[in-house]
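Colleague: turn this into a model:
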Amino acid sequence: MTMGSTRRTVLAGGAAGTAALLAGCGGQGGSDDGGDTAEKSSPAGTGTDGGEELATTADIPVGGGKIFDEQKIVVTQPAEGDFKAFSAICTHMGCVVSSVSDETINCACHGSRFGITDGAVAHGPATRPLPAEKITVAGNSILRP
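Modeller: Numbers count the residues shown, from 1 in each chain. Down below sits the predicted model:
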């Protein structure tokens with residue numbers, strides 16, 4: 001019974017430690033995001049109903065895009081007036097993508113490239129597309145809810 005009690009104690013302690021670690025990670029991320037959102041978007045402003053303003057439509061070149069490192073999002077404009085957004089985290093190894101050129105979103109870590117229209121893998125080693133992110137365009141502002 002000593003062995004069972006010891007194992008139970010270790011498992012309970014491990015579960016409590018994991019819960020504390022997750023609570024610590026979640027709490028800090030939430031407060032940082034909420035506190036910094038207004039500061040990050042202050043130069044461009046915030047939408048009263050639409051969320052955080054990432055950029056103006058003029059900031060995103062046609063056939064290209066712009067990476068927002070702090071928000072971990074990349075916004076593209078595959079065709080005039082057609083704006084898309086994707087996670088800026090490469091699906092291969094989790095690096096933040098580094099550039100947008102030649103109609104691809106590029107990761108410098110291992111050379112993966114993704115299409116600016118749909119986030120699909122254009123060149124590996126990544127095998128999964130970049131997840132789409134929700135944005136809205138209001139006037140000339142690109143907003144993230």
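
Colleague: so who does the nearest residue to Ile135 once chain neighbours are set aside touch?
Modeller: Nearest-residue entry for Ile135: Ala85, 4.3 Å, with adjacent residues in sequence omitted and distances by Cβ to Cβ, 6 or more residues apart in numbering. C-beta coordinates here come from the backbone N, C-alpha and C atoms, glycine included. The contact partners of Ala85, by Cβ atoms under 8 Å, 6 or more residues apart in numbering, come to 73-76, 132-135, 144.

Colleague: you'd agree Ile89 is up against Val96?
Modeller: Yes - taking Cβ atoms under 8 Å as the definition, Ile89 is a contact partner of Val96 at 6.3 Å.

Colleague: name the residues contacting each of these two.
Modeller: Here Ile89 and Val96 have Lys72 as joint contacts, going by Cβ under 8 Å, 6+ apart.

Colleague: excluding covalently adjacent residues, which one is nearest to Gly64?
Modeller: Val100 (5.1 Å).

Colleague: in terms of helices and strands, where is the one you found?
Modeller: strand 99-101 (DSSP states H and E).

Colleague: quick one: strands adjacent to that strand?
Modeller: strand 104-106 (antiparallel) (DSSP bridges).

Colleague: show me what counts as buried in stretch 130-145.
Modeller: For stretch 130-145, the neighbour count (16 or more other Cβ atoms under 10 Å) marks 130, 133, 135, 141-144 as buried.
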